[in-house]
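J.: task: produce atomic coordinates for the following.
(3 chains)
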Amino acid sequence: MAEIRRIETGQRMSQAAVYGGLVWLAGQCGSAGESIASQTQESLASVERLLAEAGSDKTRIVNTTIWLANMDDYDEMNAVWDAWVPEGFASPRACGESRLGGIGWGIEIICVAATS
Amino acid sequence: MAEIRRIETGQRMSQAAVYGGLVWLAGQCGSAGESIASQTQESLASVERLLAEAGSDKTRIVNTTIWLANMDDYDEMNAVWDAWVPEGFASPRACGESRLGGIGWGIEIICVAATS
Amino acid sequence: MAEIRRIETGQRMSQAAVYGGLVWLAGQCGSAGESIASQTQESLASVERLLAEAGSDKTRIVNTTIWLANMDDYDEMNAVWDAWVPEGFASPRACGESRLGGIGWGIEIICVAATS
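T.: Numbers count the residues shown, from 1 in each chain, chains lettered A, B, ... in the order given. Below is the predicted model of the structure:
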């Protein structure tokens, strides 16, 4: 059995699991109640930090799912997203509306990336 | 071409596909109309059963997505989830609200796990 | 580092990423405002086209997520889906309701498939 390396493991979830050349990240959120631009920036900063801990980076993402609590925030989120993505390295992406687990959470970003 | 092993294959979906060191599970639901605690327990029992058929188990999950039909059920779901997760082996997780395909379905749990 | 091969890469997203024996597809939609049956057919045609470019096909899908903007369209979508799936090769699947990023988009289909 190949080892699964977990990052920031709690009773409910780990923030990441590294296995078989992939790192799977937990959904990353920003600070409840802040603007969507700010929450998106925070979420993406968490994605970058976790990818670095896993030996990956934002040029190595193979899949991204984005949930917005309110799809009316689509353009505001995309402005931050588009500036963050390194040119030529954009991942496949899907974006849907979903009410999230915390009050005031506007966005949750879920990434899978290559580690090898 | 490496073989894909499918478990409980119907015309609409298989309940699992095993390939390349991973098993991908179909979304698992409980009995429509039962309490969220009960539906969560049933869903997790189905996850365990399918993981066992694939040669994996709940200490080897690399990703979990949870959809709740009503996010007000978050705490009731989490109480069952937290008790089910083996200490030190929690997977990355994301949880969002999504109306589900069957009337009375309150939860759908989607897992990916390591098989080797 | 193994190369990630991307297909139809823009600033916001790629339509597919091939890595480690898997191809990850971006969420595929049909033409806004068309019937759900039509949008489903278009989405699935895009899935097939991208799988072919990645060296895979619809007998090699290991996971499918379907988002419907309105779960009332479940049966209309399934009629198209069930006819499209090759008998004996159905993937694991999950289907939830989620408002989508474009006005008039009724369905988004997200697939992961084996390439080797």
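J.: A:L68 and A:M77 touch, don't they?
T.: Yes: between A:L68 and A:M77 a contact is recorded at 6.2 Å, counting by Cβ atoms under 8 Å. Backbone N, C-alpha and C define where each C-beta goes, glycine included.
J.: for the biggest helix by length in chain A, packing partners?
T.: In chain A, taking DSSP state H as the definition, the longest helix is helix A:36-53. With contacts defined as 3 or more Cβ pairs under 8 Å, 6 or more residues apart in numbering or on different chains; DSSP states H and E, helix A:36-53 has these neighbours: strand A:5-9, strand A:14-19, strand A:22-25, helix A:74-84, strand A:107-114.
J.: what's the overlap in contacts for A:L68 and A:M77?
T.: Common contact partners of A:L68 and A:M77 (Cβ atoms under 8 Å, 6 or more residues apart in numbering or on different chains): A:36, A:95, A:107.
J.: closest to chain C among the residues you listed?
T.: A:C95 (5.0 Å; Cβ to the nearest Cβ).
J.: what about A:D72, how many neighbours?
T.: 11 (other Cβ atoms under 10 Å in any protein chain shown).
J.: what does chain A have sitting close to chain B?
T.: A:1-2, A:4, A:6, A:9-17, A:19-20, A:22, A:24-27, A:65, A:67, A:98-101, A:108, A:110, A:112 (Cβ under 8 Å from any Cβ of the partner chain).
J.: try it again at 6 Å.
T.: Counting by Cβ under 6 Å from any Cβ of the partner chain, the positions of chain A adjacent to chain B are A:4, A:9, A:11-14, A:16-17, A:19-20, A:24-27, A:67, A:98-99, A:101, A:108, A:110.
J.: can you narrow these down to the ones near chain C?
T.: For chain C, the contacts drawn from those by Cβ under 6 Å from any Cβ are A:S98.
J.: narrow the residues of chain A next to chain B to those that are buried.
T.: Neighbour-count burial (16 or more other Cβ atoms under 10 Å in any protein chain shown) is assigned, among these, to A:4, A:9, A:13-14, A:16-17, A:19-20, A:24-27, A:67, A:98-99, A:101, A:108, A:110.
J.: give me the residues contacting stretch A:64-79.
T.: A:36-37, A:40, A:91, A:93-95, A:97-100, A:106-111, B:96, C:99, C:101 (Cβ atoms under 6 Å, 6 or more residues apart in numbering or on different chains).
J.: same question for stretch A:86-105.
T.: A:29, A:32-33, A:59, A:61, A:63-69, A:71, A:108, B:71, B:74, B:95-98, C:9, C:13-14, C:16-17, C:24-27, C:67, C:98-99, C:101, C:110.
J.: so how far is stretch A:77-95 from its chain's centroid?
T.: Put simply, stretch A:77-95 sits 11 Å off its chain's centre (Cα atoms, centre = their mean, to the nearest Å).
J.: that one: end-to-end distance?
T.: 10 Å (Cα to Cα, to the nearest Å).
J.: state the mean pLDDT of it.
T.: What stretch A:77-95 shows for mean pLDDT is 98.
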